[in-house]
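In: Give the three-dimensional model of this entry:
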Amino acid sequence: MAKSVTVDKRENEKKRLARRAEKQKRKEEKKLSPKANSLDDMIAYVDENGMITSTPPTENIKKEEIKQEEIVISTPKKEKEVPTVMKGRVEFFNTSKGFGFIKDLSGTEKYFFHVNNVMADISENDIVTFDLERGIKGMNAVNICFENEQKTGN
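Out: Residues are numbered from 1 along each chain as shown. Take a look at the predicted model:
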């Protein structure tokens, strides 16, 4: 039994030395081969058409000169907006708590409203006109009145 253990140890040592020699050989080959990951290989250039190339730009490219005075930084003037009158049907109205929901007739959106924003007495299934205003949790219906009544602004 002692002989077989010694033979196995010798074989393992030979395998270990062979792996070490193979690793050293690969390391030497890597040193001698040209580096593919050099900095020059990793740099990319953008040409005048916006295409990415590996060649650096030439010096004789025409550069368009822009005068600093011609650059305008501003927001465009807002055109006067015509308020759109929305029509909807009162889906739900809780008179005791003073709130409800209006479903837009032109879409599927539902808007919350409070009794303070109602101009006339309304009830469920009434067709009303209203404006929208951004609230804490989304868009709210304001200036609510019957469709045939004239709306009054706040």
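In: Give me the contact list for stretch 101-117.
Out: 86-93, 95, 98-100, 127-128, 130, 132, 135, 137-144 (CB atoms under 8 Å, 6 or more residues apart in numbering). Heads up, the C-betas are built off the backbone N, CA and C, glycines and all.
In: Show me which of these are buried.
Out: Among the contacts of stretch 101-117, those classed as buried by 16 or more other CB atoms under 10 Å are 86, 88, 90, 93, 99-100, 128, 130, 132, 140-144.
In: Pull the number of nearby residues for C145.
Out: For C145, the count of nearby residues is 16 (other CB atoms under 10 Å).
In: which other helices and strands contact the helix or strand containing it?
Out: Under the criterion of DSSP states H and E, C145 resides in strand 139-146. The contact analysis (3 or more CB pairs under 8 Å, 6 or more residues apart in numbering; DSSP states H and E) places strand 139-146 against strand 110-114, strand 127-134.
In: What mean pLDDT does the first one get?
Out: Read it as strand 110-114. Averaging pLDDT along strand 110-114 yields 92.
In: That one vs strand 127-134, what angle?
Out: Between strand 110-114 and strand 127-134, the angle comes out at 90 degrees (axes from the mean of the first three to the mean of the last three CA atoms, to 10 degrees).
In: The strand holding C145 vs strand 127-134, what angle?
Out: Using the same axes, to 10 degrees: strand 139-146 against strand 127-134 is 150 degrees.
In: Skip ahead from the helix ranked longest in the chain and say which helix or strand is next.
Out: Longest helix of the chain, by residue count under DSSP state H: helix 2-32. Note on helix 2-32: by DSSP H and E, the next helix or strand toward the C-terminus is helix 39-42.
In: Report the central residue of the protein.
Out: Closest residue to the average C-alpha location of the chain: G138 at 20.3 Å, with CA atoms, centre = their mean.
In: dump the residue contacts of that one.
Out: Counting by CB under 8 Å, 6+ apart, G138 makes contact with 111-112.
In: Test for you: state the pLDDT assigned to it.
Out: Listed pLDDT for G138 reads 87.
In: give me phi/psi at it?
Out: The phi/psi pair for G138 (degrees, to the nearest 10) reads phi 140, psi -160.
In: now it: how far from E109?
Out: 10 Å (CB to CB, to the nearest Å).
In: again, but for V142
Out: 15 Å.
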